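Student: quick one: sequence plus predicted model below, questions after.
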Amino acid sequence: MRRQKSVDGDELQWSLRVSRRARYARLRIMPFGGLEVVIPHRFPRNQVAGLVAQHADWVRAQLARQAQLRNAVQLPSALSLAFDNSLTPIHYSGATQPSQGDLFGARDGEAIEIQALDQRAIIVELRQWIRRRARQLLPPLLARVSRQTGLSYQRVSIRSQKSRWGSCSSSGNISLNDQLLFLPQDAVEYLMIHELCHTRQLNHSPAFWALVQTHCADYRRHEKRLSDSRSLVPDWFLLDLYS
């Protein structure tokens, strides 16, 4: 995290990300995660502070709005995952309870037990539960899609990535975002096809998209669908995730 101290004494903080896809520098307000500056490889690092200063009023306004959203976040009474159409009740055993916490009165073996007391610690526990669930559900699906497409990979890892649903390394290792569990399974399957195609073409060249099209003729619709799916991730999950 970098800092810029302005003339009036306020501090602006931001994280810096160099993107091979970026054509120009841009400022992003991450969901509940502050300001991110995205720059191309050739953008001079010494110009980043000036870029932030140029848009300081806009940044402060967006961060103020972000603070309002933070105060409005409510803890869930159940975890709803579109991936497998599951709805798992949550039992909060600590002092902090969501206002709708008694929606599921019956407790059974499927309920998620949360021991933490404060909001941040509760969210950490909930994200850990989702990470474990993602490790159970996503690798088997990737293996099946790999067999169906004939596109192999080396290893798979599950992470919470900032701006990508998934990624593929030059060595054929695929990383999948645990937030994919909030998406329908067919959207996740397409994302896996996309990443598996990167094991053959580690770029977004015409040859890459031609390969994608051989495995998913309607890939353009799925690409747009993935771009529009960030809103499916609940606000509480994103709280402080990128700080």
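Tutor: Done, it's in.
Student: so how far is Asp178 from Gln128?
Tutor: 10 Å (C-beta to C-beta, to the nearest Å). Any C-beta I mention is one placed from the backbone N, CA and C, and that applies to glycine too.
Student: among those two, which residue is more densely surrounded?
Tutor: Using other C-beta atoms under 10 Å as the criterion, Gln128 and Asp178 rank with Asp178 on top: 21 against 11.
Student: contacting residues for the nearest residue to Ser19 once chain neighbours are set aside?
Tutor: Among residues not flanking Ser19 along the chain, Val38 sits closest, at 5.3 Å (C-beta to C-beta, 6 or more residues apart in numbering). Shown in contact with Val38 (C-beta atoms under 8 Å, 6 or more residues apart in numbering): 17-19, 22, 25-28.
Student: would TSV of those residues with neighbour count be doable?
Tutor: Output for these, formatted as TSV (neighbours: other C-beta atoms under 10 Å):
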residue	neighbour count
Arg17	13
Val18	13
Ser19	14
Ala22	14
Ala25	15
Arg26	14
Leu27	17
Arg28	17
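Student: picking up where we left off before, what strand or helix carries the residue nearest to Ser19?
Tutor: Assigned by DSSP states H and E, Val38 belongs to strand 34-39.
Student: direction included, what does that strand pair against?
Tutor: With DSSP bridges as the test, strand 34-39 is paired with strand 11-18 (parallel), strand 26-30 (antiparallel).
Student: now that strand: mean pLDDT?
Tutor: For strand 34-39, mean pLDDT rounds to 89.
Student: and that strand, C-alpha only, in CSV?
Tutor: Extracted C-alpha coordinates of strand 34-39, given in CSV (Å, rounded to 0.1, in the frame of the first residue of the first chain):
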residue,chain,number,x,y,z
GLY,A,34,-10.0,1.1,-1.1
LEU,A,35,-8.3,2.6,-4.1
GLU,A,36,-6.4,0.5,-6.6
VAL,A,37,-4.2,2.1,-9.4
VAL,A,38,-3.9,-0.1,-12.4
ILE,A,39,-1.1,0.7,-14.9
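Student: could the contacts of Val38 go into JSON lines alongside pLDDT and distance to Val212?
Tutor: Formatted as JSON lines, those follow (pLDDT from 0 to 100; distance: C-beta to C-beta, whole Å):
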{"residue": "Arg17", "pLDDT": "88", "distance to Val212": "25"}
{"residue": "Val18", "pLDDT": "90", "distance to Val212": "25"}
{"residue": "Ser19", "pLDDT": "86", "distance to Val212": "21"}
{"residue": "Ala22", "pLDDT": "85", "distance to Val212": "22"}
{"residue": "Ala25", "pLDDT": "93", "distance to Val212": "29"}
{"residue": "Arg26", "pLDDT": "91", "distance to Val212": "26"}
{"residue": "Leu27", "pLDDT": "93", "distance to Val212": "31"}
{"residue": "Arg28", "pLDDT": "86", "distance to Val212": "26"}
